[in-house]
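Got a sequence here, can you model it:
(one chain, ligands or ions: 3)
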Amino acid sequence: HKWVYTFEEGRADMKDLLGGKGANLAEMTNIGLPVPPGIIITTEACNQFYVENRQFPPGMEEQVREKIKTLEAKTGKRFGDPENPLLVSVRSGAPISMPGMMDTVLNLGLNDETVQGLARAAGDRRFAMDCYRRFLNMFGDVVLGIEHVKFERVLETHKEQCGVNFDNQLTAEQWQYVVEEYKKIIERETGNPFPQDPMEQLFNAVYAVFNSWNNDRAIVYRKVNKIADTLGTAVNVQVMVFGNLGNDCGTGVAFTRNPSTGASELYGEYLINAQGEDVVAGIRTPQPIATLQEEMPDVYRQFAETCTLLEKHYKNMQDIEFTIERGKLYMLQTRNGKRTAQAAIKIAVDMVNEGLISREEAVMRVEPAHLDHLLHRRIDPNVNLEVFAKGLPASPGAASGKVVFDADEAEKMGQEGQKVILVRTETTPDDIHGIVQAQGILTSRGGMTSHAAVVARGMGKPCVCGCEAIRIDYDNEEFMVGGLTVKKGDIISIDGATGQVMLGEVSMIDPELSAEFQQLLEWADEIRALGVRANADTPADAAKAREFGAEGIGLTRTEHMFMAQDRLPIVQEMILAATEEERQKALDRLLPMQEEDFYGILKAMEGLPVTIRLLDPPLHEFLPNAEELMVEINTLRLTGGDAGELQEKEELLRKVRALSEFNPMLGHRGCRLGITFPEVYAMQARAIFQAVVRLVREGCKVIPEVEIPLVIEQNELAFLREVVEKTAEDVMRETGVRFEYTVGTMIEVPRAALLAGEIARVAEFFSFGTNDLTQTTLGFSRDDAEGKFLNEYVEKKILKDNPFVVLDRKGVGKLMQMAVQAGRSVKPDLLVGICGEHGGEPSSIEFCHLTGLNYVSCSPFRVPIARLAAAQAKV
Ligand code: ADP
Ligand code: MG
Ligand code: MG
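Residues are numbered from 1 along each chain as shown. Ligands and ions are numbered 1, 2, ... in the order given. You can find the predicted model right below:
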């Protein structure tokens, strides 16, 4: 079996076998770049090593010895030759880059004899001793497991004794002393003298690299980055070149473009007269790559040309390691460079314009999830932060404002134009009006899918939740954290991307929708098949969604409109009405308000479809809390307060109790309200159609889609459809204006999915409400599951992902596929979309594409992400 390859025998696409580093060294060798010769021991050998209980696989050692001979032939030096010794580096390299996780040994092959030969050959004893001490240190640390500080201490003390500050000021004799001390450390720590035989050194180092695949750091790194444990690492044995041979030598690292902005410029650092890790280890301050142009113009020119060549070859931005030996450039590593979202976009677009990659490739180059950072206001990265607590980074973006503990107060202050941060132990749907007006949300309890988190993400508002360090005292309107007390009205800042909470106001920068970003999204639009709409409840949200490229609204919730402070009393009147007549009175007062809402949204979305969902939540959400009412009643009783008021409150409490449900999410809500109170849905339909008429008269093209939530049965939808249709006819007759509209339903309980074929007979469109569909299919309450057990399900690998975040393809997805198929078999051009949180999540978007949905709908701030993800699903 072939366990060992020379660089000439490898290629870039052999990463699985040769590791990333080895495959790219091989590729560079074969395109004629100056790479010191080397050989690669395969990842297969590493895996076999573990199969055989940490023994080298049979034949591997012989093959290594054979291939070392090819290196000797190429260099004219001999491994272990006391006159002109060949030295090598032993470098780990997994198929996926794991920076700093495994180790490298340089200058291997040195011993008491060969170091003299090296000194003579180079004509520089100081250099040879410098290499030897580096080797002893690295070999001791990486191969023999001796703590690095033990070597470091000896060096520091010796530098002090010699009165020098920097390593490169020590003389040959002084290094010789360090070398002797290092050998003593090794003998003391391992009980054996330092191994002088170069072959023994080599195989010990290979053994150590194989072993390092399973060191704690590497295991944790793989777990965090979801890298398979079975990949194994390759080992590169490469001829040494020396950056520490004098002032015409050096070593450095560089990116072919700026990894933070994407600007097309070389970006990196180098150190003169240095080796390997010196640049990153902070031994001396490195110089920016630009100064190399002045110091070594020829080398710089060659380096710049090589960078261009590598970019052309790999068609991607490269992260490069290089060394200069006596004025000659050597390439030691190249790989696709890591970059920020901003840089990823700019580089992808630039590369299309430079003719390097296609538009499809450009679209695939940007991770949709990373766009999040670019779509929210964020803290200026150049300011110093005074962080006093840290919670979960629940919704990205940053905000500053006055601390407020009550949603009503947040709403009031917000409407007055003050900036507030709503601070609660947790939020409930009752707090929506406060959240709407707040700049950001901070909660002390709840996870990444808690109410506060979901609502904040939906609104594109910063949110830090589960910040357990803070203790909220509602009575005194303050919270404590450590020794600090923050009172109502104090200013704090939160960063929803990191979870940090800070005292005072910090400076922010606006989200940038750069020209490149727009360009990339336009290309995504050309490619994708799936439509992208937004969930929006206000004209402002609708406008934002349009700006971000939404092609319509997939969900307008009407309940938020009912929560507004000036409407809630009327809504309550409507709910509490004893007779139909009374109820109608309240509805008549709500009608013009709703009409205004719909007018605004439909107008903002002129020419594009708008799905409006009729009332959905259980009615008690609009009523006061029973416990609070009881406190008020008792206070009135004890203080002998107003008798009329007392009676009113008691009546209210009775009603609240009558309406209370054990399980409101499975209770009297959605279309079930429409069945028992058709006049509520009739009012909403009338508000929609009257708005439509006004807009038609203004010459606006509008496309309203009336949506009935929570349907389980064809008859149910047929009944409510009639209510809507009759209202439409009435409005047309009264106004003499004819208009188009459609009626459809959400599919959000399993029965609806199972009976989709029947339901489709009376529906013009389906929209999957996957938040509820996930709850009802799994039987998990979203509000409870995460805090209580869902994390454990994911940790114990019972479920792969949180199904409220990533669509559960196996279960919920199967229902969706069935529903699409059944629906379209009855109505081939049935319009089907999705409006749950999943509509903005890339992997769920891919599933929607594969399932043949017409569109996904997500919060306005996720529209660019969805556009990109939809295009990626198609490519
Ligand atoms: P890492 O994966 O941690 O970057 P590397 O194997 O790339 O480790 O080695 C780190 C550094 O060691 C390289 O950037 C280079 O400066 C130096 N190095 C490795 N091999 C050689 C070599 N053959 N000649 C000179 N320097 C080398
Ligand atoms: Mg490297
Ligand atoms: Mg629902």
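
how does this structure divide into domains?
Here the domain assignment for the chain is 4-239, 250-336, 378-508, 528-618+661-874, 619-660, based on automatic domain parsing.

and the second one, average pLDDT?
Per-residue pLDDT over domain 250-336 has a mean of 91.

and Leu422, what are its bridge partners?
Leu422 has the following beta-bridge partners by DSSP bridges: Val404, Ile441.

Hmm, it is touching Asp408, no?
No - contact criterion CB atoms under 8 Å: Leu422 and Asp408 do not qualify, at 10.6 Å. Bear in mind the C-beta positions are built from the backbone N, C-alpha and C, glycine included.

Pull up the overlap in contacts between the two.
Common contacts of Leu422 and Asp408 (CB atoms under 8 Å, 6 or more residues apart in numbering): Gly434.

Next up, the contacts around Val142.
By CB under 8 Å, 6+ apart, the neighbours of Val142 are Asp103, Thr104, Val105, Ala205, Ala208, Ser212.

distance of it from Val805?
40 Å (CB to CB, to the nearest Å).

And Leu853, by the same measure?
On the measure of CB to CB, Leu853 and Val805 end up 19 Å apart.

Over to Ile470?
Counting by CB to CB, the gap from Ile470 to Val805 is 25 Å.

And the two? Which one has more around it.
Ile470 (21 against 18; other CB atoms under 10 Å).

Looking at the more buried one now. What's its pLDDT?
94.

where exactly do the strands run in the stretch 501-650 of the chain?
508-509, 531-535, 553-557, 609-613 (DSSP state E, counting those that start in this stretch).

Including mean pLDDT, could those go into CSV?
Listed next are those as CSV, based on pLDDT from 0 to 100:
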stretch, mean pLDDT
strand 508-509, 82
strand 531-535, 97
strand 553-557, 97
strand 609-613, 98
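
Next up, the contacts around Phe780.
Here Phe780 is in contact with Thr774, Leu790, Pro803 (criterion: CB under 8 Å, 6+ apart).

count of residues packed around the second one?
A total of 22 residues lie near Leu790 under the criterion other CB under 10 Å.

ok so, going back, could you export the domains of the chain as TSV, including distance to Glu367?
Shown next, in TSV, are the domains of the chain (distance: least, CB to CB, whole Å):
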stretch	distance to Glu367
domain 4-239	14
domain 250-336	13
domain 378-508	14
domain 528-618+661-874	8
domain 619-660	38
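
Of those domains, give the one that comes closest to Gln342.
domain 250-336 (6.3 Å; CB to CB).

Now do the buried residues in stretch 173-190.
Buried residues in stretch 173-190, counted by 16 or more other CB atoms under 10 Å: Gln174, Trp175, Gln176, Tyr177, Val178, Val179, Glu181, Tyr182, Lys183, Ile185, Ile186.

Same check on stretch 777-797?
Result for stretch 777-797 [16+ other CB under 10 Å]: buried residues Thr777, Leu778, Phe780, Arg782, Asp783, Ala785, Glu786, Leu790, Tyr793, Val794.

Give me the mean pLDDT for it.
Rounded mean pLDDT across stretch 777-797 is 87.

which parts of the chain sit against ligand 1?
By the rule CB under 6 Å from any ligand atom, the part of the chain lying against ligand 1 is 36, 89, 91, 100, 104, 106, 238-241, 251, 276, 321, 323, 332-333.

Can you flag the buried ones in those residues?
Here, 16+ other CB under 10 Å leaves 36, 89, 91, 104, 106, 238-241, 251, 276, 321, 323, 332-333 buried among the residues of the chain next to ligand 1.

and those residues, which of them are in strands?
Ser89, Arg91, Thr104, Leu106, Gln238, Val239, Thr251, Glu321, Thr323, Leu332, Gln333 (DSSP state E).

got these as CSV, with distance to Lys814 columns?
Shown next, in CSV, are those (distance: CB to CB, whole Å):
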residue, distance to Lys814
Ser89, 53
Arg91, 47
Thr104, 49
Leu106, 55
Gln238, 52
Val239, 57
Thr251, 56
Glu321, 49
Thr323, 56
Leu332, 51
Gln333, 46
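
Could you identify which of the contacts of Val142 has the most neighbours?
Most surrounded of the contacts of Val142: other CB under 10 Å gives Val105, at 28 neighbours.

Before we move on, what's the pLDDT of that residue?
95.

Can you name the residues bridging to it?
Val90.

so it touches Arg134, yeah?
No - in this structure, Val105 is not within contact of Arg134 by CB under 8 Å, at 9.5 Å.

Find the centremost residue of this protein, please.
Ala369 (4.6 Å; CA atoms, centre = their mean).

Give me the spatial nearest neighbour of the residue in the stretch 301-450 of the chain that ligand 3 sits nearest to, chain neighbours excluded.
Closest to ligand 3 within the stretch 301-450 of the chain is Pro429: 12.6 Å, counting by CB to the ion. In space, not counting the residues next to it along the chain, Pro429 is nearest to Glu621; the distance is 5.2 Å by CB to CB, 6 or more residues apart in numbering.

which residues touch that neighbour?
Pro429, Asp430, Glu559, Pro664.

and if you look at Ser212?
With CB under 8 Å, 6+ apart, Ser212 has these contacts: Ser92, Met101, Met102, Asp103, Val142, Ala218, Thr233.

burial count for Asn47?
17.

Neighbour-wise, which one of the contacts of Glu621 leads?
Glu559 (18 neighbours).

what about the closest residue to Gly744 other than its chain neighbours, neighbour count?
Leaving aside its sequence neighbours, Gly744 sits nearest to Phe765 (CB to CB, 6+ apart; 3.4 Å). Residues lying near Phe765 (other CB under 10 Å) number 23.

How much space separates Phe765 from Leu118?
Distance from Phe765 to Leu118, by CB to CB: 78 Å.

same check, this time on Ser212
For Ser212, the distance to Leu118 - CB to CB - is 27 Å.

model confidence over the lengthiest helix in the chain, on average?
In the chain, taking DSSP state H as the definition, the longest helix is helix 580-604. Summarised as a single mean, pLDDT over helix 580-604 is 95.

Report the angle between that helix and strand 609-613.
Angle, helix 580-604 to strand 609-613, by axes from the mean of the first three to the mean of the last three CA atoms, to 10 degrees: 160 degrees.

Give me the angle between helix 580-604 and strand 553-557.
150 degrees.

And helix 580-604, what does it pack against?
Judged by 3 or more CB pairs under 8 Å, 6 or more residues apart in numbering; DSSP states H and E, the packing partners of helix 580-604 are helix 539-547, helix 559-563, helix 568-576, strand 609-613, helix 678-697.

what sits against the residue in the stretch 101-250 of the chain that ligand 3 sits nearest to?
Shortest the stretch 101-250 of the chain-to-ligand 3 distance, computed as CB to the ion: residue-wise this is Lys226, at 31.6 Å. Listed by CB under 8 Å, 6+ apart, Lys226 has no contact partners.
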